[in-house]
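Chemist: one predicted model, sequence on top.
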Amino acid sequence: MARNPVTWMGVPTFPKAAQEALGDSQLRSNLRHATHTIRDKRAAAVGEVPDWERLRRAGEAIKDETLAHLDTYLQKLEAAVTSRGGVVHWARDAAEANAIVLKLARAAGADEVVKVKSMATAEIGLNEALEEGGVTAIETDLAELIVQLGNDRPSHILVPAIHRNRSEVREIFRNQMPEAPADLSSEPKALAEAARRHLRKKFLSAKVAVSGANFAVADTGSIMVVESEGNGRMCLTLPQTLITVMGIEKLVPTSRDLEVFLQLLPRSSTAERMNPYTSMWTGVTPGDGPQEFHLILLDNGRTATLSDPVGRQALRCIRCSACLNVCPVYERTGGQSYGSVYPGPIGAILTPQLVDDPHDKQAASLPFASSLCGACFEVCPVRIDIPEVLTHLRARAVAEKSKMSPEALAMSAMATMFADPRKYALAQRAGAAAAKLAPSGSVSRLPFPGSRWTATRDMPMPATESFRTWWKTNRKDSDE
Ligand code: SF4
């Protein structure tokens, strides 16, 4: 079976990648600064809304209802888009979706396409597939452009270049952007101006644009993209042909449902009361905007995810990135350690489900990339219980392992010990004796098989005196 491109080819498992990232103090400092700033702003923006919890529950209910009847709503969407002059294509996987886009770009005579920031196209590796077919994809979102020019990979859902600071961005622009002035400063205004000059020519010459979709309305066939820079709107209005690649879960039943999500999304993602640009289009309008519109409905593992009663809640995600900004693991390792276009807590549950391959070690390592602190669930605007899905996927990953693995044998020995009070007391005494050998309270290096544990974390030692022993000594006369 071909490897699903949801994960990046050749990347190590999460523990290995994270260990390397933890050694990069510049990365940690860039991430800490960025995530703390945005999480504080989000908390203030959310705090202004008295019925936030009711909005969250409404978002959860709308998404659940849509997912429960996804087949019906998708057919409704197809009929509505077609009746307004659009063309709907169905793609089972990345290869099919990429082939459709390439064919359409060639048919339009384009050797260059401009792109609105889109997770779906990053998920399927569209840029690389187009490149192989002789078509260049130009990212027009500022952060995506930084990643593309830096020959880098994204590390955040909303701010893909969050791991870069301003002076790193200036260097990338100076080296890769012919229009960048030699004395380019690292001020955000100067960097944005350089990008604007670079992109203007592309917007005016592109025949084809490719976008993702934040939402699609089943009963009208309207597609919506929300953004902050206005570059998306240029892509959505100037070219002759517009191709939208959309995960099949992005649906809402009616336009009224957008009322809920247009409150939940901006406050959760950029801490804004409303996002600066909201673009919505329905099919084609003669003489106005793109005259050809193609909608590619992408499955790529979503139907399989939908069949899991616990895991399917991940399909409610509206890609706000709030869960990344509060995650203590993400803050220290950065997004690239997750080896996928979906990093952080949502990546840890969505990527393994979309990949749906128990033998993919990299994807199988992701549900373990969490401390299970629950901060992600608290901020999620559509109430995805990420810790619940994480433990569910962990159980699935463990079930796939051999019953004779060192971990399985250790767990079975522990189960025997916990089931027998005498064995438990004996183990406690042995633990208390061993604890005296490690006065610091933890051990950072053990011989095999313990080294499998200490390779990625310290081994906490038991207390030198167990609670039972303490109780016997200090409370022997108490009848409580
Ligand atoms: S899981 Fe929730 S918090 Fe995380 S990106 Fe998706 S909607 Fe936002």
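Modeler: Yes, it's here.

Chemist: and the helix ranked longest in the chain, how far out from the chain's middle?
Modeler: Assignment by DSSP state H gives helix 25-47 as the longest helix of the chain. The chain centroid and the centroid of helix 25-47 are separated by 17 Å under C-alpha atoms, centre = their mean, to the nearest Å.

Chemist: helix or strand next in line after it, which one?
Modeler: Later in the chain than helix 25-47, the nearest helix or strand by DSSP states H and E is helix 52-68.

Chemist: give the buried residues for that following helix.
Modeler: 52, 55-56, 58-60, 62-63, 66-67 (16 or more other C-beta atoms under 10 Å). Using the backbone N, CA and C atoms, a C-beta is placed for each residue, glycine as well.

Chemist: before we move on, what about stretch 256-271?
Modeler: Applying 16+ other C-beta under 10 Å to stretch 256-271 flags 257-258, 260-271 as buried.

Chemist: what of stretch 130-145?
Modeler: So, applying 16+ other C-beta under 10 Å, buried residues of stretch 130-145: 130, 135, 137-145.

Chemist: go on, stretch 289-307?
Modeler: 289-290, 292-302, 305-306.

Chemist: for the buried residues of stretch 256-271, which one is nearest the ligand?
Modeler: The closest of the buried residues of stretch 256-271 to the ligand turns out to be Ser268 (C-beta to the nearest ligand atom; 5.9 Å).

Chemist: can you tell me the element the closest one falls in?
Modeler: In the assignment (DSSP H and E), Ser268 maps to helix 258-269.

Chemist: got the contact list for the helix or strand of the chain at the bottom of the mean pLDDT ranking?
Modeler: Least confident helix or strand of the chain, by mean pLDDT, DSSP states H and E, is helix 451-454 with a mean of 77. For helix 451-454, the surrounding residues in contact (C-beta atoms under 8 Å, 6 or more residues apart in numbering) are 406-407, 443-446, 459.

Chemist: most neighbours among the residues you listed, which one?
Modeler: Val443 (17 neighbours; other C-beta atoms under 10 Å).

Chemist: which parts of the stretch 51-200 of the chain sit against the ligand?
Modeler: Residues of the stretch 51-200 of the chain lying near the ligand by C-beta under 6 Å from any ligand atom: Ile157.

Chemist: quick one: the strands in the stretch 51-200 of the chain?
Modeler: For the stretch 51-200 of the chain, the strands defined by DSSP state E, counting those that start in this stretch occupy 87-91, 112-115, 136-139.

Chemist: and of these, who's closest to Ala218?
Modeler: Closest approach to Ala218 among the strands of the stretch 51-200 of the chain (C-beta to C-beta): strand 87-91, 12.3 Å.

Chemist: reformat the buried residues of stretch 256-271 as TSV; add pLDDT and distance to Val116.
Modeler: Output for the buried residues of stretch 256-271, formatted as TSV (pLDDT from 0 to 100; distance: C-beta to C-beta, whole Å):
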residue	pLDDT	distance to Val116
Asp257	98	22
Leu258	98	18
Val260	98	23
Phe261	98	18
Leu262	97	18
Gln263	97	22
Leu264	98	21
Leu265	98	16
Pro266	97	17
Arg267	98	22
Ser268	98	20
Ser269	96	16
Thr270	94	16
Ala271	96	22
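
Chemist: quick revisit: can you tell me which of the buried residues of stretch 289-307 end up in helices?
Modeler: Using DSSP H, the buried residues of stretch 289-307 in helices are 302, 305-306.

Chemist: quick revisit: please narrow the buried residues of stretch 289-307 to those residing in strands.
Modeler: Counting by DSSP state E, the buried residues of stretch 289-307 place 292-298 in strands.

Chemist: sorry, back to before: now render the contacts of helix 451-454 as CSV, adding distance to Arg394.
Modeler: Shown next, in CSV, are those (distance: C-beta to C-beta, whole Å):
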residue, distance to Arg394
Pro406, 17
Glu407, 12
Val443, 24
Ser444, 24
Arg445, 25
Leu446, 22
Met459, 20
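
Chemist: that concludes my questions; thank you for your assistance.
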